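Novice: got a sequence here, can you build the structure:
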Amino acid sequence: MFWEDSAGPGLHETNVLCYKTGKEVEMNRLTALVTTTTAKAMLGMPASTLGWWINQRVIVPAMPARGTGTSTILTAQQVWSIGIAKSLRTSGVGMDVCRRVASYLESLTAAQIEKAFAEGRTCLLIIRIDDGADFLPRLMSPDAISDNPKMIEARKDAEANGLTMTWVGIDVRPMLNQILCRVAEDEVKRTAKKEPA
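Specialist: Take a look at the predicted model:
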């Protein structure tokens, strides 16, 4: 998940390539509705963990559960936002930053994501100064993160003041790719079930 000079699948106009099939998946699937059962499978997390992220109001579900026996419904973009936030939290980033990352990712339109990915801007910049962390609310290219003279200068300033500053880029495209691919696969399965044999 964290960027390490690796190139992800290519982008073709408004689509990403499915990591399993190599076929294009449309970015408009960001608004596809996903049950919490499917979301937990997509993210590889227990229902209780996904429920905790929803109960913490990291995102507001597209359709909250309405009583016993009903599921909370999320958009594919919300699943992505929670997945990235959870990855950051697992690596020690504070909950406040995780909330803001999820909010930022959820606020992006399909056109904004498409444009950023087409330009190679697939990473969020997470900055740590001593025990605190923050992020820049924009997608950046891996090169803009690793070869950024302003960041190098800021690190020198921090060190001059007795602080330790580090930064890392988290590539958000692979997780989005997997989620959109799963949404597309589920749509094909539902369509196949509806068609007469």
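Novice: so, low pLDDT: which residues of this protein?
Specialist: 1-26, 131, 195-197 (pLDDT under 70).
Novice: just the helices in it please.
Specialist: 36-43, 47-55, 76-90, 95-107, 110-118, 142-146, 149-160, 173-194 (DSSP state H).
Novice: tell me the most buried of those helices?
Specialist: helix 76-90 (a mean of 23; mean count of other C-beta atoms under 10 Å). To be clear about C-beta, it is placed using only N, CA and C from the backbone, and glycine gets the same treatment.
Novice: what does that one contact?
Specialist: Helix 76-90 is contacted by residues 1, 29-32, 34, 39, 42-43, 45, 49-50, 53-54, 58-59, 61-62, 74, 95, 97-99, 101-103, 105-106, 108, 124, 126, 170, 172, 175-176, 179-180, 183 when judged by C-beta atoms under 8 Å, 6 or more residues apart in numbering.
Novice: hmm, back to that, closest to G132 out of the helices of the chain?
Specialist: Smallest distance to G132 across the helices of the chain (C-beta to C-beta): 8.7 Å, for helix 95-107.
Novice: what helices and strands are in contact with the closest one?
Specialist: Packing partners of helix 95-107 (3 or more C-beta pairs under 8 Å, 6 or more residues apart in numbering; DSSP states H and E): helix 76-90, strand 123-129, strand 132-135.
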